[in-house]
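Novice: Mind folding the following:
(one chain, ligands or ions: 1)
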Amino acid sequence: MLVCDGVPLEPIAAEHGTPLYIYSAATIDERYRAIDDAFAGCPHSIHYALKANSTLAIARRLRALGSFADANSGGEIEVARRAGFTPSQIVFTGVGKTMAELGAAIDIGVRSINVESAGEIERIEALSRERKTRTKIAIRVNPDVDAKTHPHISTGMKINKFGIPIDEARQLCAVTRGRPNVQVVGLHAHVGSQITNMEPLTRAAAALVTLARELALDGTSIEHLDIGGGLGVSYDGSPVPGADEYAAAVLPVLRPSGLEIVLEPGRHIMAPAGALLTRVVDVKGPFVVMDAGMTELIRPMMYNAFHRIEPVVLTDAPSSSVHIVGPLCESSDTLGKDREIPRPNVGDLFAVLDTGAYGSVMASNYNRRLMPAEVMVENGAARVIRRRQTLDDILALEL
Ligand SMILES: Cc1ncc(COP(=O)(O)O)c(C=O)c1O
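Specialist: Numbers count the residues shown, from 1 in each chain. Have a look, this model is predicted:
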């Protein structure tokens, strides 16, 4: 029988219902600390990427571990604040920040706004002038590095919408230097997610260091290099680089700069810390229909992502190859194709593994389905950290 930190899953699902996200507090702690330890030899701060999973209890847990926050919207900044992060512990990233979001970030005084364009610098300058303040910014550069990951989570090539082309960044900093209301304090690059080949991360780090040196020659001295997130995980059980290999790939390049390193990991900490529990609602032909689908976990449909799907209670029923599908009115609503599993019965419980990142945060109400509940297992017990949504919760917004 599958367990989470020694706690059997079946009774948790029986008590809280399915679909249900379940997280291991111990795994979150362990994976955060692994990154922190791997970078211990160099001044650094970890700004956990809230976009991976921003359920309040998880954000609070990371804060308690010593993490800072990377927020990607006004909403995530607000969640960070409610989770107890101070403004100086928050960096604000995002390709399309609105004036309202920028104004709010300037008002509270975040550590840095990671800027995406010359126009955005103008807008921050204008908003800061009105407020008679000086706002700290980091230039998000697009280093034109292929992260060799799925195209939908590749962000560091010229063809991607993210960042300022690296060959324009020096000139932009020269123009920005004379401005009284903005101060360039950092350089930022995030070239993609689920990266398992360290070479693109080394190249992106090297590009930041080279640019920082050029800026120093021009008279712009910055405080930090933000190398984004991106470190991948193993979804199929095959070996992938961990925090130590990541540090070994980037630190030799970064350390000589003498600058503080900012990291924005999300997936690497959270993906293996979570599973989605779901029950079989029907078995017909080659299809096993579950009570969870694209509304709870869209990764298989959006990125063709693979997640292991395991029966929670092992049986000796003969195995066969099936398609594990969701209940939604979409043919794409498939959690796993051609999976060899023991022939299940209606009501059997399955765990979709490694779904702690980009799982619950991407859930939707399509087909008027309710957002799943979430529980955290800690010290041998499971507690609800987000209750299941009700139809009344949804309809409360409608007039
Ligand atoms: C700017 C930025 N930082 C950090 C992250 C977190 O990435 P990951 O979850 O791959 O660590 C992302 C996600 O794509 C991002 O866009």
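Novice: can we go C-alpha only for contacts and neighbour counts from here?
Specialist: Will do.
Novice: Can you pull up the most central residue in the chain?
Specialist: In the chain, the residue lying closest to the centroid (Cα atoms, centre = their mean) is Ala52, at 2.5 Å.
Novice: got the residues of the stretch 51-200 of the chain near the ligand?
Specialist: Ala52, Thr93, His190, Gly192, Ser193, Gln194 (Cα under 6 Å from any ligand atom).
Novice: Can you tell me which of those is closest to Pro143?
Specialist: Closest approach between those and Pro143, by Cα to Cα: His190, at 9.0 Å.
Novice: related to what we said a few turns ago, buried ones only from the residues of the stretch 51-200 of the chain next to the ligand, please, as a PyMOL command.
Specialist: Command for PyMOL that selects the buried part of those, burial taken from 16 or more other Cα atoms under 10 Å:
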select buried, resi 52+93+190+192+193+194
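Novice: Can I get the residues of the stretch 51-200 of the chain next to the ligand in TSV including pLDDT?
Specialist: As requested, those are exported to TSV (pLDDT from 0 to 100):
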residue	pLDDT
Ala52	98
Thr93	96
His190	95
Gly192	93
Ser193	93
Gln194	96
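Novice: now for the residues of the stretch 51-200 of the chain next to the ligand, which pair is the farthest apart?
Specialist: The distance between the two most remote of those (Cα to Cα) is 18.4 Å, for Thr93 and Gln194.
Novice: these two touch, right, Phe287 and Pro327?
Specialist: No: in this structure, Phe287 is not within contact of Pro327 by Cα atoms under 8 Å, at 11.0 Å.
Novice: Give the residue from those two that has the larger number of neighbours.
Specialist: A direct count of neighbours by other Cα atoms under 10 Å for Phe287 and Pro327 places Pro327 higher, at 20 against 17.
Novice: Assign the more buried one to helix, strand or coil.
Specialist: Put simply, Pro327 is coil when judged by DSSP: H, G, I helix; E, B strand; the rest coil.
Novice: go on, Glu310?
Specialist: Quick answer, by three-state DSSP: Glu310 is strand.
Novice: thought it was touching Val352?
Specialist: Yes: taking Cα under 8 Å as the definition, Glu310 is a contact partner of Val352 at 6.6 Å.
Novice: If you count surrounding residues, which of the two has more?
Specialist: Using other Cα under 10 Å as the criterion, Glu310 and Val352 rank with Val352 on top: 22 against 18.
Novice: Quick one: list the elements packing against the strand of greatest length in the chain.
Specialist: Among the segments of the chain that qualify as a strand by DSSP state E, the longest is strand 274-284. Secondary-structure packing of strand 274-284 (3 or more Cα pairs under 8 Å, 6 or more residues apart in numbering; DSSP states H and E): strand 20-24, strand 287-290, strand 349-353.
Novice: deepest of the ones you listed, which one?
Specialist: Between these, strand 20-24 has the highest mean count of neighbours, a mean of 26, where neighbours are mean count of other Cα atoms under 10 Å.
Novice: That one pairs with which strands?
Specialist: Looking at strand 20-24 with DSSP bridges, its partner strands are strand 274-284 (antiparallel), strand 373-378 (parallel).
Novice: Out of these, which is closest to the ligand?
Specialist: Closest of these to the ligand is strand 274-284, at 13.9 Å (criterion: Cα to the nearest ligand atom).
Novice: Just the buried positions in the closest one, please.
Specialist: Those would be Gly274, Ala275, Leu276, Leu277, Thr278, Arg279, Val280, Val281, Asp282, Val283, for strand 274-284 by 16+ other Cα under 10 Å.
Novice: How about the contacts made by Tyr235?
Specialist: Phe306, His307, Arg308, Leu353, Asp354 (Cα atoms under 8 Å, 6 or more residues apart in numbering).
Novice: Actually, Leu65.
Specialist: Counting by Cα under 8 Å, 6+ apart, Leu65 touches Asp29, Tyr32, Arg33.
Novice: hmm, try it at 10 Å
Specialist: Leu65 sits next to Ile28, Asp29, Glu30, Tyr32, Arg33, Asp36, Ala59 when contact means Cα atoms under 10 Å, 6 or more residues apart in numbering.
Novice: Let's see which of the residues you listed end up in helices.
Specialist: Ile28, Asp29, Glu30, Tyr32, Arg33, Asp36, Ala59 (DSSP state H).
Novice: and which of those is nearest the ligand?
Specialist: Scanning these for proximity to the ligand, where the rule is Cα to the nearest ligand atom, the winner is Tyr32, at 11.6 Å.
Novice: just to revisit the earlier point, what's the closest of the contacts of Tyr235 to Pro43?
Specialist: Among these, and counting by Cα to Cα, the member closest to Pro43 is Asp354, at 30.3 Å.
Novice: so the closest one touches Leu277, yeah?
Specialist: No: at 11.3 Å, Asp354 does not count as touching Leu277 under the criterion of Cα atoms under 10 Å.
Novice: Can you list the helices and strands that the helix or strand encompassing Val91 packs against?
Specialist: Val91 is part of strand 90-92 when elements are defined by DSSP states H and E. In terms of contacts (3 or more Cα pairs under 10 Å, 6 or more residues apart in numbering; DSSP states H and E), strand 90-92 is packed against strand 44-49, strand 68-71, helix 74-82, helix 99-108, strand 112-115, strand 135-142.
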